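Trainee: Have a look at this prediction, sequence included:
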Protein chains: 2
Amino acid sequence: MTAVRPVFYVSDGTGITAETIGHSLLTQFTDTHFIGERISFVNDIESAREAAVRINAASEIHGVRAVVINSCMDSEVSETLAESGALMLDVFAPFIEPLERELEQTRQRHVGRAHAIVDFDTYHRRINAMNYALTHDDGAAVDYSDADVILVAVSRAGKTPTCVYLALHYGVRAANYPLTEEDLEHDRLPDLLRQHRAKLFGLTIDPIRLQQIRQERRPNSRYAKLETCRHEVAAAEALFRAERIPTLSTTHTSIEEIASKVMSTLGIRREMF
Amino acid sequence: MTAVRPVFYVSDGTGITAETIGHSLLTQFTDTHFIGERISFVNDIESAREAAVRINAASEIHGVRAVVINSCMDSEVSETLAESGALMLDVFAPFIEPLERELEQTRQRHVGRAHAIVDFDTYHRRINAMNYALTHDDGAAVDYSDADVILVAVSRAGKTPTCVYLALHYGVRAANYPLTEEDLEHDRLPDLLRQHRAKLFGLTIDPIRLQQIRQERRPNSRYAKLETCRHEVAAAEALFRAERIPTLSTTHTSIEEIASKVMSTLGIRREMF
């Protein structure tokens, strides 16, 4: 029987940092079923007290001590949260002191700053990249000069979500090009792409998985036939090999992993937002 | 003079966890200019050795010890990285032991699992939410029954990036509706929206900021005139008040913060991807 355990991601901002590290930690404990809840914008004693009451109530209901992944910067807020009796894991505390010593400075106490807008230009770049991804989606481009990367693949192989992710999180201008039947038949990249060869990255996918995805989108169409999927994927892979385009299979790969691989392969260095 | 310090986000997976917590930590130290670099997929001793050489070289070049934010799960890999001589901050280490004690189980040693595909159904929900956001963007919908949330605002107030973020990271089906001149003139929501009142969330923005954004998009148009922006924003805000729609200004608010506020206000509970 799997044990159940309530987990709270508590933060003075969005809670993204707490939840990111919390998820990573908890994937290491597979014998427990964690019931997660986010409590964001806890930035004064009053909201900390309310949070502590909720956390305590969850411990009571489940008959087991809750776990709190806490990213609040204010120590009084953290102490108030600790009154819930939960296991407190403070995600910043262990690192502040070694950093203060190393950098020879005291940390600021900016609350909720991690995912706030720190710099308008950077933020602007991000929004522009996002607009770029949406206007250069699905081959809707006549010019790829401004692209940092062009994802090439057959329809439904994962291009669009990856482009949007690259834009949102790295400010990368990512366009995508769906290989047409004509491209695949002629076994040749369109000239529009050939001139940007260094920016190309090919995505491939297991034909059976592709068939499932297409079947959901256009049930019982020729497009969704396993035969069609097999043929298109084989032709695309042959094309990538012939043109020596770096390639990754998206079948068992998350958007985050694809994005990360694309950037490291093409040598695009951008800090994450 | 601001001190410069190289920082490496080293991971056996995408590096997202390391970079997320690293950024949060480093925003607390404003007297240092950090030069960040990501080293992903470090999952054997050989790649750890290569990483250590790069890190050590950066310390030499900048004449100051590099900082490593390390999320590798394997202790041998971490020890190899430490040979670089950098300040090692291991983002999981401080929390593993208290969790093992509390949960009375030994952690698994899944490498690079945090941002991998753990569960196909959940992953599928996420991709579907993403497609939903893109096909229900900019009022391109005749039916909002399947929406979890509908963002309402004037053009260029931040609806689309927020919808995409909600879909990508929380699997939330987020549609958006741009208020038309007609809506604003009649001071009344279209019937299409009125029937989904509980899902509505209004975004507003400072007219001067809006003017800058629109000016970049359609220079010197009526659309981009400050006069137009002022008028539209005032009318939208009046409409939100009259219809009692919860509202947030996006002027100084990041996509992450907007998404987080929307979910907590509308009571949408979803775990983050």
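Mentor: Received, thanks.

Trainee: For chain A, identify the residue most remote from the centre.
Mentor: residue A:186 (35.3 Å; C-alpha atoms, centre = their mean).

Trainee: Can you report how many residues lie near residue A:227?
Mentor: The tally of other residues near residue A:227 (other C-beta atoms under 10 Å in any protein chain shown) stands at 10. Glycine gets a C-beta too; all of them are placed from N, C-alpha and C.

Trainee: In three-state terms, label it for me.
Mentor: At residue A:227 the chain is in helix, as set by DSSP: H, G, I helix; E, B strand; the rest coil.

Trainee: which ones are touching it?
Mentor: If a contact means C-beta atoms under 8 Å, 6 or more residues apart in numbering or on different chains, then residue A:227 has no contacts.

Trainee: can you check residue A:247 too?
Mentor: A:201, A:202, A:203, A:204, A:237, A:240.

Trainee: picking up where we left off before, quick check: the gap between the residue farthest from the centre of chain A and residue A:201.
Mentor: 21 Å (C-beta to C-beta, to the nearest Å).

Trainee: repeat for residue A:22
Mentor: 31 Å.

Trainee: Same question for residue A:245.
Mentor: Remark: distance between residue A:245 and residue A:201 (C-beta to C-beta) = 7 Å.

Trainee: quick one: common contacting residues for the two?
Mentor: residue A:152.

Trainee: quick one: which of the two has more around it?
Mentor: In terms of neighbours (other C-beta under 10 Å), residue A:201 is the more surrounded of residue A:245 and residue A:201; the figures are 24 against 17.

Trainee: Show me the contact partners of the helix or strand containing residue A:48.
Mentor: Assigned by DSSP states H and E, residue A:48 belongs to helix A:45-62. For helix A:45-62, contacts defined as C-beta under 8 Å, 6+ apart pick out A:4-6, A:8, A:10, A:35, A:37, A:39, A:41-42, A:65-66, A:68, A:72, A:76-77, A:80-86.

Trainee: For the stretch 51-200 of chain A, what lies in contact range of chain B?
Mentor: Contacts of the stretch 51-200 of chain A with chain B, taken as C-beta under 8 Å from any C-beta of the partner chain, map to A:65, A:67, A:71, A:73, A:87, A:89, A:91-92, A:94-96, A:98-99, A:102-103, A:105, A:107-110, A:113-118, A:123, A:126-127, A:130-131, A:134, A:137, A:160-161, A:164-165, A:168.

Trainee: Among the residues you listed, which lie within helices?
Mentor: Taking DSSP state H as the definition of helices, those contribute A:94-96, A:98-99, A:102-103, A:123, A:126-127, A:130-131, A:134, A:160-161, A:164-165, A:168.

Trainee: Quick one: buried ones out of the residues you listed?
Mentor: A:95-96, A:99, A:102-103, A:123, A:126-127, A:130-131, A:134, A:160-161, A:164-165, A:168 (16 or more other C-beta atoms under 10 Å in any protein chain shown).

Trainee: pLDDT weak spots in chain A?
Mentor: Scanning chain A for pLDDT under 70 picks out A:1, A:110-113, A:117-119.

Trainee: got the domain boundaries for it?
Mentor: Chain A breaks down into these domains under automatic domain parsing: A:3-103, A:120-266.

Trainee: Quick one: distance of the first one to the chain centre.
Mentor: Relative to its parent chain, domain A:3-103 has a centroid offset of 22 Å by C-alpha atoms, centre = their mean, to the nearest Å.

Trainee: Just the terminal-to-terminal distance for that domain.
Mentor: Taking C-alpha to C-alpha, to the nearest Å, domain A:3-103 runs 43 Å from one end to the other.

Trainee: ditto for the last one
Mentor: End-to-end distance for domain A:120-266: 27 Å, by C-alpha to C-alpha.

Trainee: quick revisit: please flag which of the contacts of helix A:45-62 sit within helices.
Mentor: A:76, A:77, A:80, A:81, A:82.

Trainee: And the buried ones among these, selectable in ChimeraX?
Mentor: Filtering the ones in helices among the contacts of helix A:45-62 down to the buried ones (16+ other C-beta under 10 Å) takes a single ChimeraX command:
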select /A:77,80,81,82
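
Trainee: which one of the ones in helices among the contacts of helix A:45-62 sits closest to chain B?
Mentor: Lowest distance from chain B to those (C-beta to the nearest C-beta) belongs to residue A:82, with 13.3 Å.

Trainee: Let me see the contact set for the closest one.
Mentor: Counted by C-beta under 8 Å, 6+ apart, residue A:82 has contacts A:52, A:88.

Trainee: in terms of contact, does residue A:163 touch residue A:137 like I think?
Mentor: Yes: assessed by C-beta atoms under 8 Å, residue A:163 is found in contact with residue A:137 at 6.7 Å.

Trainee: the helices in the stretch 151-273 of chain A, which residues?
Mentor: For the stretch 151-273 of chain A, applying DSSP state H, counting those that start in this stretch gives helices covering A:159-170, A:181-186, A:191-194, A:207-217, A:226-242, A:255-266.

Trainee: and the fifth one with helix A:207-217, angle?
Mentor: What it means is helix A:226-242. Angle of helix A:226-242 versus helix A:207-217, following axes from the mean of the first three to the mean of the last three C-alpha atoms, to 10 degrees, is 130 degrees.

Trainee: Flag every buried residue along helix A:226-242.
Mentor: For helix A:226-242, the buried set under the neighbour-count rule, 16+ other C-beta under 10 Å, comprises A:228, A:229, A:232, A:233, A:235, A:236, A:239, A:240.

Trainee: contacting residues around the residue nearest to the third one when sequence neighbours are not counted?
Mentor: Spelled out, that is residue A:232. Nearest non-adjacent residue to residue A:232, counting by C-beta to C-beta, 6 or more residues apart in numbering or on different chains: residue A:154, 4.5 Å away. Residue A:154 makes contact with A:178, A:179, A:184, A:205, A:210, A:232, A:233, A:236, according to C-beta under 8 Å, 6+ apart.

Trainee: give the contact list for the closest residue to the fifth one other than its chain neighbours.
Mentor: On the basis of C-beta to C-beta, 6+ apart, the spatially nearest residue to residue A:210 that is not a chain neighbour turns out to be residue A:229, at 4.4 Å. For residue A:229, the contacting residues are A:207, A:208, A:210, A:211, A:214, taking C-beta under 8 Å, 6+ apart as the criterion.

Trainee: Now render those residues as CSV, adding distance to residue B:266 and neighbour count.
Mentor: Formatted as CSV, the contacts of residue A:229 follow (distance: C-beta to C-beta, whole Å; neighbours: other C-beta atoms under 10 Å in any protein chain shown):
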residue, distance to residue B:266, neighbour count
A:207, 40, 19
A:208, 38, 12
A:210, 35, 26
A:211, 36, 21
A:214, 33, 22
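
Trainee: got a list of contacts for stretch A:203-214?
Mentor: For stretch A:203-214, contacts defined as C-beta under 8 Å, 6+ apart pick out A:151-159, A:162, A:221, A:223-226, A:229-230, A:232-234, A:236-237, A:240, A:247-251, A:258.

Trainee: tally of neighbours for the closest residue in space to residue A:35 that isn't next to it in sequence?
Mentor: Of all residues beyond its chain neighbours, the one nearest residue A:35 is residue A:6 (5.1 Å), with distances taken as C-beta to C-beta, 6+ apart. Residues lying near residue A:6 (other C-beta under 10 Å) number 21.
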